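In: Here is a sequence together with a model predicted from it:
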Amino acid sequence: MRMQIAKDIKELATIFREAGFSLYLVGGAVRDWILGKTNNDYDFTTDAEPEEIKKLFRRTIDTGIKHGTVTVIFHSAHYEITTFRTEGDYLDSRHPESVKFVKSLEEDLKRRDFTINAFAASLPDGKILDYHGGLKDLRKGLIRAIGNPAERFQEDALRMMRGARFASQLDFKIEEETAQAMAALHETIAKVSAERIKEELWKLIGGINPRRGLEALRTSGIMSVILPELAATYGFEQGGMHRETLYEHLMLALECAKEHEYPMHVRLAALFHDIGKTETRADGDEEREWTFYGHDKASAKMTDAIFRRLKTSNEERERVTHLIREHMFSYTPDWSDSAVRRFINRVGEENINSLLQLRVCDISATVGHRAVLDNLFAFADRINAELEKDNALSLKDLKINGKKLKELGIKPGPQMGTILNTLLDEVIEAPSLNNEEYLEKRALSLAQCLGQ
């Protein structure tokens, strides 16, 4: 089997070959080519040592020269090239104590995580080399650690997260001995930085079968370490219209978001939107008829804590928790147009589509949802109708602003905010009031009432 190699990479490899060195393309790019997928994230390995690589090219960057990695700038492209190496003991389940440069590709590939990531394509001819049975595992849809799985995970605990991530991204099963080693060593995941865990977890959630990846985390015990709030939903009964457990409901909601190709922040909201039910369940009037008052707020609070722990961006954390906090809205057809506008104002025009998408998945993950979905779609139609009218829905839409209020003699400060918000409330109720003449007079009247 020979991989098709781009012209620039062939030229790069020829420079190595003419200098007496070999160059190989390794890892995910080779795997994905075999699977018929596109992957332009190229990793190269060579028997040339870093200083020898640098002598071959005019422009290089010492990316990780201690570990044998040099970035070569060739025809304006950047190529990361790493010398064949073996690694010493991993004292912290994450980083090798030392690396040793070697001359054997086979030795280099032994240090990699899974058989399906241990392919190499010789360059420039593209011949695929498989020393660890990766092709067989690809055909079987298996994720198998190279050699002794426990040793691989003791070397680098993040590999367990990567295994679950590949289960999601490739829709592969984790091989039994590999899964057993993950379960035996699951507590060592605590040694990995929050940033690295979040990176792998987000890729898992964004995969083609996120449930499979999350199940690998749950059954191994890793979920209990990194997402105890989600692990607590397994087997948790909801009662009422929910025949499914809370965990199953969250998985179904996430799968809905995946199937509809909703954006990542909606997937995240779908996964966490009801985790607060474990903290809010109370007995109802009938057996197994529990109530979960305030679970939307509790879920948002718990998600906020999870995102802070995983060190996500403030923007992502605030956006996802806002959707979760608002997901229990209750629309009825007798809502006035102004009530619809107030809803848009409260949620934020920029969040409306995402909130409706989350609600679609919440409803779809519940038995007997057809009539409820029909009501939601009717609400979406009314929202879109209001958006098309170009009425004022937020402060930026008002025909007056803080600058104009200052010109009218109104002092900046909290009272100015009160005046603007009062004007917006009135305009949302009666859109025709959004004209400068009325707003200026009304602003002065409000300022007088406030003692200005």
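Out: Thanks, I have it.

In: use CA for all of it now, contacts and neighbours both
Out: Will do.

In: Could you export the biggest helix by length in the chain as PDB, CA atoms only?
Out: Ordering each helix of the chain by length in residues (DSSP state H) puts helix 370-388 first. What follows is helix 370-388, C-alpha atoms only, in PDB (Å, rounded to 0.1, in the frame of the first residue of the first chain):
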ATOM      1  CA  ARG A 370     -44.000  15.300  19.300                       C
ATOM      2  CA  ALA A 371     -46.700  17.700  20.500                       C
ATOM      3  CA  VAL A 372     -44.200  19.600  22.600                       C
ATOM      4  CA  LEU A 373     -41.900  20.000  19.600                       C
ATOM      5  CA  ASP A 374     -44.800  21.300  17.500                       C
ATOM      6  CA  ASN A 375     -45.400  24.000  20.100                       C
ATOM      7  CA  LEU A 376     -41.700  24.900  20.100                       C
ATOM      8  CA  PHE A 377     -41.600  25.200  16.400                       C
ATOM      9  CA  ALA A 378     -44.700  27.500  16.500                       C
ATOM     10  CA  PHE A 379     -42.800  29.600  19.100                       C
ATOM     11  CA  ALA A 380     -39.700  29.700  16.800                       C
ATOM     12  CA  ASP A 381     -42.000  31.000  14.000                       C
ATOM     13  CA  ARG A 382     -43.200  33.800  16.200                       C
ATOM     14  CA  ILE A 383     -39.700  34.700  17.200                       C
ATOM     15  CA  ASN A 384     -38.600  34.900  13.600                       C
ATOM     16  CA  ALA A 385     -41.600  37.000  12.700                       C
ATOM     17  CA  GLU A 386     -40.600  39.500  15.500                       C
ATOM     18  CA  LEU A 387     -36.900  39.500  14.300                       C
ATOM     19  CA  GLU A 388     -38.000  40.300  10.800                       C
END
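
In: for it, packing partners?
Out: helix 337-347, helix 352-364 (3 or more C-alpha pairs under 8 Å, 6 or more residues apart in numbering; DSSP states H and E).

In: For it, which residues meet the burial criterion?
Out: 373, 376, 379, 380, 382, 383, 386 (16 or more other C-alpha atoms under 10 Å).

In: Domains in this structure, by residue range?
Out: 7-136, 146-226, 246-388, 399-449 (automatic domain parsing).

In: Next, the buried residues of the helix or strand that the longest helix of the chain is followed by.
Out: Using DSSP states H and E, the helix or strand that follows helix 370-388 in sequence is helix 402-407. Of all the residues in helix 402-407, those buried under the rule 16+ other C-alpha under 10 Å are 402, 405.

In: Show residues contacting helix 402-407.
Out: By C-alpha atoms under 8 Å, 6 or more residues apart in numbering, the list of residues contacting helix 402-407 from outside reads 411, 412, 416, 420, 440, 443.

In: Of those residues, which belong to helices?
Out: Per DSSP H, the subset of the contacts of helix 402-407 in helices is 416, 420, 440, 443.

In: For the first one, report the pLDDT, please.
Out: At residue 416 the predicted local distance difference test score is 95.

In: Please list all residues in contact with it.
Out: So residue 416 contacts 402, 405, 410 (C-alpha under 8 Å, 6+ apart).

In: ok, now how distant is it from residue 365?
Out: Distance from residue 416 to residue 365, counting by C-alpha to C-alpha, to the nearest Å: 45 Å.

In: same thing with the third one?
Out: If you measure residue 440 against residue 365 using C-alpha to C-alpha, the figure is 49 Å.

In: Just give the number of residues close to residue 137.
Out: 18 (other C-alpha atoms under 10 Å).

In: So what touches the host helix or strand of it?
Out: Element membership of residue 137, judged by DSSP H and E, is helix 134-140. Helix 134-140 has contacts (C-alpha under 8 Å, 6+ apart) with 115, 116, 117, 118, 119, 143, 144.

In: wait, which of those residues is closest to residue 21?
Out: Comparing the contacts of helix 134-140 against residue 21 with C-alpha to C-alpha picks out residue 119 as the nearest, at 19.1 Å.

In: Pass me the low-pLDDT residue ranges in the protein, would you?
Out: Applying pLDDT under 70 to the chain flags residues 88-98, 240-242, 284-288, 367-368.

In: Mind jotting down where the strands sit in it?
Out: Secondary structure of the chain by DSSP state E: the strands cover 23-26, 43-46, 60-64, 69-74, 77-83, 85-87, 99-101, 119-123, 128-130, 142-143, 173-174.

In: Mean neighbour count and distance to residue 197 added to these, as TSV?
Out: Shown next, in TSV, are the strands of the chain (neighbours: other C-alpha atoms under 10 Å; distance: least, C-alpha to C-alpha, whole Å):
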stretch	mean neighbour count	distance to residue 197
strand 23-26	25	24
strand 43-46	22	22
strand 60-64	15	22
strand 69-74	20	23
strand 77-83	20	23
strand 85-87	20	22
strand 99-101	15	24
strand 119-123	25	25
strand 128-130	19	29
strand 142-143	24	19
strand 173-174	22	19
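
In: Lovely, talk soon.
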